[in-house]
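K.L.:
how would this look folded up:
(10 chains)
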Number of protein chains: 10
Amino acid sequence: MTEKAYSQDLQRSGKWRHIWRIAGQYANCSIFDVRDHDELHQILSGLPLFPFMEISVTPLLRHPSAIREDDR
Amino acid sequence: MTEKAYSQDLQRSGKWRHIWRIAGQYANCSIFDVRDHDELHQILSGLPLFPFMEISVTPLLRHPSAIREDDR
Amino acid sequence: MTEKAYSQDLQRSGKWRHIWRIAGQYANCSIFDVRDHDELHQILSGLPLFPFMEISVTPLLRHPSAIREDDR
Amino acid sequence: MTEKAYSQDLQRSGKWRHIWRIAGQYANCSIFDVRDHDELHQILSGLPLFPFMEISVTPLLRHPSAIREDDR
Amino acid sequence: MTEKAYSQDLQRSGKWRHIWRIAGQYANCSIFDVRDHDELHQILSGLPLFPFMEISVTPLLRHPSAIREDDR
Amino acid sequence: MTEKAYSQDLQRSGKWRHIWRIAGQYANCSIFDVRDHDELHQILSGLPLFPFMEISVTPLLRHPSAIREDDR
Amino acid sequence: MTEKAYSQDLQRSGKWRHIWRIAGQYANCSIFDVRDHDELHQILSGLPLFPFMEISVTPLLRHPSAIREDDR
Amino acid sequence: MTEKAYSQDLQRSGKWRHIWRIAGQYANCSIFDVRDHDELHQILSGLPLFPFMEISVTPLLRHPSAIREDDR
Amino acid sequence: MTEKAYSQDLQRSGKWRHIWRIAGQYANCSIFDVRDHDELHQILSGLPLFPFMEISVTPLLRHPSAIREDDR
Amino acid sequence: MTEKAYSQDLQRSGKWRHIWRIAGQYANCSIFDVRDHDELHQILSGLPLFPFMEISVTPLLRHPSAIREDDR
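P.N.:
Purely as a prediction, here's the structure:
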């Protein structure tokens, strides 16, 4: 399965909430909505290019000023 | 106007697309959908606490693998 | 409530799994076992000295080589 | 098409506003005047040497002290 | 002996107290309880993949707020 | 003399070639066309806010791909 | 007790093995020979200026090429 | 022409004012006295090993406390 | 004694070989020719503004390509 | 001559005063007592593995609190 198909399946399931290209770089900025760190690691390490990727994870949570409940 | 009201007005208008709290920090990670850098700067410099904030902007665009057209 | 009492209550509940002093620094290295990032942020922002602390969070999960199931 | 021809076409169109050599380095500092981040990424990723380049983008806008209107 | 067997033997002996996976990275965060730096270096340099690993050691000690005596 | 008047005089003289605002920051990115480093330092140290500014200078020169001769 | 007297007592006991001034800085580079990290932290946190010091600890051990047994 | 001959020709001409070895590194610290950044870049990019060198340029000028006029 | 007089005395003695201003900064780049690190530290710590300065020292030596013997 | 023999000869001569292993790394922390930077560079560049080593030198001197005169 290609990176694109893999990502789009997870986007449809709601676990890979957002993906944006970073301008001028072969890189992306993504938001995941997962049960725990274990599920996140399974998703990321399942990427076909995982062994060649440099990934850093920033732990996020709902902001008290957010107007949407489901944007956890 | 408080930070919260200011942010929520812009969230309702669609310009401040997302806001998340970064775990363990008095900081946020936000996504803006604006016309250009001028509009972005007007929004950010309009924050009541702007003179005391450390802000860095990462330029994003739609990713070719994104399944949603409006998640620019 | 002091930092010490606050931390020890959470250690007894199992949420603050470990706390070590970093040699030569007024700092600690801690392991939390929480439901999600929201619970982690509530714990950390509840620390009496939170406004004066510099905190960075590294997301961890069970390692496949770990011999203990409950050391998530 | 060579890097030079590619760059000069975009300079003539007005999208690649300025390009300078950084002294002592095989590197440049450039100013782009584009519609949005998508157009910028198309330009940068179209460079023949893009896969081998390390690029960082700083988002700019017109400065209130600038004397020229078209130096956005 | 594999990395896994090597690590698990040391976990059973109590010298390799904890091992966690860092989410999104082929990396771990571990806690050792050893006699001195010499024993720590022997353990780390005995890892089959040691020549290819980037390791940094943070010296820890029991925290005065810790509720457990044996979590040195 | 204000920062703005000081900068605009130098822009009119051609020595302060460009000035842009960096989005989200109380900062600018400027291009100077001066005789030598001495003249540059005189200009920068003449800024009313110079004692409170953090300045870094990147030495530039005309790029061989530039289409304009006077964009030194 | 002054910093100097405190340091010299520990030097005489053999625990503070070496202390050098770093040229051009109000800083030192020291070697300690202590039982464990707890003893090291007690020594460092006992310095009268400890609350104002920035300290980093590098864990050392005897090098296999060292000609002296007691230079642990 | 070797690096050494190339450098010594420029030292004799007065453009490469000083060159020192940095202790413990295959690197040097040099002072150039050139007309402009273009001449500096021509000199540096003319080094036989230029494609393999990592160079950073710090723009200098005469210091008001310098006792020599020609040490620009 | 002012910084200027202090520096110029040492320049005349040959110990403070060179001093340049770094463009755009209230900072200098200096070359010292001293007997040892002790003499260097005495010179630097004797600066009236020493307690407020951030100083880093790079150890230099004569380069094998230098054409001058006395530019140690 | 091996690294070990080379180092031990210099340790016996008193020029290579101390050598320690850094825990968890194929690296060492060493103290040299040499006449000048030239002698230091000759020693370091004479190491058989010098072309593959990353070395940084911190200039040290006797600390006013040191109890030993010969620990320069």
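
K.L.:
report the longest helix in chain A, please.
P.N.:
helix A:3-13 (DSSP state H).

K.L.:
buried set for that one?
P.N.:
The neighbour-count check on helix A:3-13 (16 or more other Cβ atoms under 10 Å in any protein chain shown) flags A:6-8, A:10-11 as buried. Where you see a C-beta, it was placed from the backbone N, CA and C, and this is true even at glycine.

K.L.:
Stretch A:43-58 too?
P.N.:
A:43-45, A:47, A:57-58.

K.L.:
ok so, going back, now the longest helix of chain A: mean pLDDT?
P.N.:
Helix A:3-13 shows a mean pLDDT of 96.

K.L.:
how about that helix against chain E, any contact?
P.N.:
No: if you take Cβ under 8 Å from any Cβ of the partner chain as the test, helix A:3-13 misses chain E, and the best it gets is 14.2 Å.

K.L.:
quick one: the strands in chain A?
P.N.:
For chain A, applying DSSP state E gives strands covering A:16-22, A:28-32, A:60-62.

K.L.:
Using JSON lines, lay out these together with mean neighbour count.
P.N.:
Shown next, in JSON lines, are those (neighbours: other Cβ atoms under 10 Å in any protein chain shown):
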{"stretch": "strand A:16-22", "mean neighbour count": "21"}
{"stretch": "strand A:28-32", "mean neighbour count": "17"}
{"stretch": "strand A:60-62", "mean neighbour count": "20"}
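
K.L.:
right, and those strands - which one's nearest chain C?
P.N.:
strand A:60-62 (4.0 Å; Cβ to the nearest Cβ).

K.L.:
so who does residue A:46 touch?
P.N.:
Shown in contact with residue A:46 (Cβ atoms under 8 Å, 6 or more residues apart in numbering or on different chains): residue A:6.

K.L.:
10 Å instead, please
P.N.:
By Cβ atoms under 10 Å, 6 or more residues apart in numbering or on different chains, the contact list for residue A:46 reads A:1, A:6, A:10.

K.L.:
low pLDDT regions in chain A?
P.N.:
A:72 (pLDDT under 70).

K.L.:
picking that back up, would you turn the strands of chain A into JSON lines with distance to chain C?
P.N.:
Formatted as JSON lines, the strands of chain A follow (distance: least, Cβ to the nearest Cβ, whole Å):
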{"stretch": "strand A:16-22", "distance to chain C": "14"}
{"stretch": "strand A:28-32", "distance to chain C": "11"}
{"stretch": "strand A:60-62", "distance to chain C": "4"}
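
K.L.:
In TSV, list those along with distance to residue I:27.
P.N.:
Converted to TSV, the strands of chain A look like this (distance: least, Cβ to Cβ, whole Å):
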stretch	distance to residue I:27
strand A:16-22	34
strand A:28-32	36
strand A:60-62	39
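
K.L.:
mind checking which of the ones you listed is nearest residue B:28?
P.N.:
Closest to residue B:28 of the strands of chain A, according to Cβ to Cβ: strand A:60-62, at 8.9 Å.

K.L.:
quick one: contacts of that closest one?
P.N.:
A:31-33, A:68-72, B:18-24, B:28-29, C:36-42.

K.L.:
for stretch A:65-72, same thing?
P.N.:
Contact with stretch A:65-72 is made by A:14, A:17-18, A:31, A:33, A:60-63, B:2-12, B:16-21, B:28, B:30, C:36-38, as judged by Cβ under 10 Å, 6+ apart.

K.L.:
what about 8 Å?
P.N.:
A:33, A:61-62, B:3-4, B:7-8, B:11-12, B:18-20, C:38.

K.L.:
Ramachandran coordinates for residue A:23?
P.N.:
The phi/psi pair for residue A:23 (degrees, to the nearest 10) reads phi -60, psi 130.

K.L.:
need the contact list for it.
P.N.:
Contacts of residue A:23 (Cβ under 8 Å, 6+ apart): B:59-61, D:37, D:40-41, D:44, D:57.

K.L.:
what's the burial count for residue A:25?
P.N.:
19 (other Cβ atoms under 10 Å in any protein chain shown).

K.L.:
so it makes contact with residue D:55?
P.N.:
Yes: Residue A:25 lies in contact with residue D:55 (Cβ atoms under 8 Å); the separation is 6.2 Å.

K.L.:
For these two, list the residues in contact with both.
P.N.:
The contact sets of residue A:25 and residue D:55 do not overlap (Cβ under 8 Å, 6+ apart).

K.L.:
Greatest separation within the contacts of residue A:23: which pair is it?
P.N.:
B:60 and D:44 (13.9 Å).

K.L.:
The contacts of residue A:46 also near chain H: which ones?
P.N.:
Counting by Cβ under 8 Å from any Cβ, no member of the contacts of residue A:46 reaches chain H.

K.L.:
residues contacting the closest residue to chain G within chain A?
P.N.:
Checking chain A residue by residue against chain G with Cβ to the nearest Cβ singles out residue A:56 as nearest, at 22.9 Å. With contacts defined as Cβ under 8 Å, 6+ apart, residue A:56 is in contact with residue E:24.

K.L.:
Please repeat the previous calculation with a cut-off of 10 Å.
P.N.:
Contacts of residue A:56 by Cβ under 10 Å, 6+ apart are C:58-59, E:22-25.

K.L.:
Same list (the residues you listed) but as a markdown table, adding distance to residue G:51.
P.N.:
A markdown table is the format used below for these (distance: Cβ to Cβ, whole Å):
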| residue | distance to residue G:51 |
| --- | --- |
| C:58 | 27 |
| C:59 | 32 |
| E:22 | 32 |
| E:23 | 35 |
| E:24 | 37 |
| E:25 | 35 |
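
K.L.:
Skipping adjacent residues, who's closest to the residue in chain A that chain F sits nearest to in space?
P.N.:
Nearest residue of chain A to chain F, counting by Cβ to the nearest Cβ: residue A:23, 12.5 Å away. Closest residue in space to residue A:23, ignoring its immediate chain neighbours: residue B:59 at 4.0 Å, by Cβ to Cβ, 6 or more residues apart in numbering or on different chains.

K.L.:
isn't that neighbour right next to residue D:58, touching?
P.N.:
Yes: using Cβ atoms under 10 Å, residue B:59 makes contact with residue D:58 at a distance of 8.6 Å.

K.L.:
which residues do the two both contact?
P.N.:
Joint contacts of residue B:59 and residue D:58 (Cβ under 10 Å, 6+ apart) are B:37, F:23.

K.L.:
Do stretch A:1-16 and chain B come into contact?
P.N.:
Yes: for stretch A:1-16, a contact with chain B is found by Cβ under 10 Å from any Cβ of the partner chain, at A:2-12, A:16.

K.L.:
returning to what we had before: closest to chain I among the contacts of stretch A:65-72?
P.N.:
The nearest one, if we look at the contacts of stretch A:65-72 relative to chain I and count by Cβ to the nearest Cβ, is residue B:3, at 34.7 Å.

K.L.:
pretty sure residue A:18 contacts residue B:18?
P.N.:
Yes: the criterion here is Cβ under 10 Å, and residue A:18 meets it with residue B:18 at 7.6 Å.

K.L.:
Let me see the contact set for residue A:11.
P.N.:
A:17-19, A:30, B:65-68, B:71.

K.L.:
The same query, at a cut-off of 8 Å, please.
P.N.:
The neighbourhood of residue A:11, defined by Cβ under 8 Å, 6+ apart, consists of A:17, A:19, B:65-68.

K.L.:
What is the nearest of those to chain I?
P.N.:
Closest to chain I, out of all of those and judged by Cβ to the nearest Cβ, is residue A:19, at 40.1 Å.
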